[in-house]
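# Build me a model:
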Amino acid sequence: MQAVLIGCGDHGGGILIPACLSAGIRLTCLVDRNTDRARALAGQWNIPRVHASVDELDAGSGVDAEAAIVALPPTEQAHHAAWALSGGLHVFIEKPPALDPGELQALVSHARTAGRAC
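Model (predicted):
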């Protein structure tokens, strides 16, 4: 499986990258506002692309992946998960995936409509 990692902080960069690679998941892109940190991680782990935001990508054709791993603070997770689902990507998201029940229900509905796992 190929995936894009959104969020390269301590958890994303320090735990999820090595975990993904040891599980055979090929990370094709890192997305993080701190592009210096993301570039350093990409160089360390041989990940080909870095972007400052998902707005720089087209989830449908600009991402060479089947899934997105969202490792962001709870205030940002639902938005980024919806972006990935709208592009046909499966989503792995940290808990809590949303800030309130309505936001969570919208995310679940989006996943069902897209026919993707979230």
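# Could I get the buried residue list for stretch 30-38?
Across stretch 30-38, burial judged by 16 or more other C-beta atoms under 10 Å covers Leu30, Val31, Asp32, Thr35, Arg37, Ala38. C-betas here are computed from N, CA, C, even on glycine.
# for the fifth one, phi and psi?
Going back to what we said before, that points to Arg37. phi -60, psi -50 (degrees, to the nearest 10).
# What's the local residue count around the nearest residue to it once chain neighbours are set aside?
Nearest residue to Arg37, sequence neighbours excluded (C-beta to C-beta, 6 or more residues apart in numbering): Cys8, at 5.6 Å. Around Cys8 there are 27 other residues, counting by other C-beta atoms under 10 Å.
# And the pLDDT at Cys8?
With respect to pLDDT, Cys8 scores 96.
# SS state for it?
coil (DSSP: H, G, I helix; E, B strand; the rest coil).
# still on that earlier bit, mind putting the buried residues of stretch 30-38 in a markdown table, pLDDT, secondary structure and distance to Val70 included?
Shown next, in a markdown table, are the buried residues of stretch 30-38 (pLDDT from 0 to 100; DSSP: H, G, I helix; E, B strand; the rest coil; distance: C-beta to C-beta, whole Å):
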| residue | pLDDT | secondary structure | distance to Val70 |
| --- | --- | --- | --- |
| Leu30 | 95 | strand | 12 |
| Val31 | 95 | strand | 9 |
| Asp32 | 95 | coil | 12 |
| Thr35 | 95 | helix | 18 |
| Arg37 | 96 | helix | 17 |
| Ala38 | 96 | helix | 15 |
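# Next one: Ala23 relative to Val31, how far apart?
Using C-beta to C-beta, to the nearest Å, Ala23 is found at 20 Å from Val31.
# before we move on, back to that, want to throw the buried residues of stretch 30-38 into a markdown table with distance to Glu94?
Shown next, in a markdown table, are these (distance: C-beta to C-beta, whole Å):
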| residue | distance to Glu94 |
| --- | --- |
| Leu30 | 16 |
| Val31 | 15 |
| Asp32 | 15 |
| Thr35 | 21 |
| Arg37 | 18 |
| Ala38 | 18 |
